[in-house]
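Engineer: got a sequence here, can you build the structure:
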Amino acid sequence: MRSGNRVADHRAIAAIVIEEEAECVVVGLPLSLNGTHGAAADAAIAEAQQMASVVGVPVHLHDERFTTKTAHDVLMANKMKAQARRRIVDKVAAAVMLQSWLDAREPA
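Structural biologist: Predicted coordinates for the structure are as follows:
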């Protein structure tokens, strides 16, 4: 969860990277439905660049289109009530995006 202080947030992410021995950070890229960059995507790119200078590992951007929809669909299929869905949908959407990023990587 964001604190409202970008520098502090990036430092917190850097601490997690160290603690978890992460090899990289994946940031959602909010492309327009037609795949173009709008203001939100430009902001995400700028933030990822700033974050990369702090976290000490590569920062990758990945298309996050439809991740929230997919997360809602999964939660609804599991008959989760709306209030419970609202509490975790962003976490599930992040997991969907990360899995998509992992699936898109070339085998090591």
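
Engineer: would you map the helices across the chain?
Structural biologist: 6-20, 39-55, 67-77, 82-104 (DSSP state H).

Engineer: buried ones in stretch 44-55?
Structural biologist: Across stretch 44-55, burial judged by 16 or more other C-beta atoms under 10 Å covers 44, 47, 48, 51, 52, 54, 55. Quick note: C-beta positions are derived from backbone N, CA and C, even for glycine.

Engineer: nearest to residue 20, of those residues?
Structural biologist: Nearest to residue 20 among those: residue 55, at 11.5 Å, using C-beta to C-beta.

Engineer: ignoring the adjacent residues along the chain, who's closest to that closest one?
Structural biologist: Counting by C-beta to C-beta, 6 or more residues apart in numbering, the nearest residue to residue 55 once its immediate chain neighbours are dropped is residue 14, at 4.5 Å.

Engineer: wait, the one you found touches residue 53, no?
Structural biologist: No: at 10.1 Å, residue 14 and residue 53 do not qualify as touching, with contact defined as C-beta atoms under 8 Å.

Engineer: and the residue nearest to residue 3 when sequence neighbours are not counted, how many neighbours?
Structural biologist: Nearest residue to residue 3, sequence neighbours excluded (C-beta to C-beta, 6+ apart): residue 9, at 5.6 Å. Neighbouring residues of residue 9 were enumerated by other C-beta atoms under 10 Å; the total is 16.

Engineer: ok so, going back, mind checking the helices of the chain for the one nearest to residue 26?
Structural biologist: When the helices of the chain are ranked by proximity to residue 26, the top entry is helix 82-104, at 5.1 Å, counting by C-beta to C-beta.
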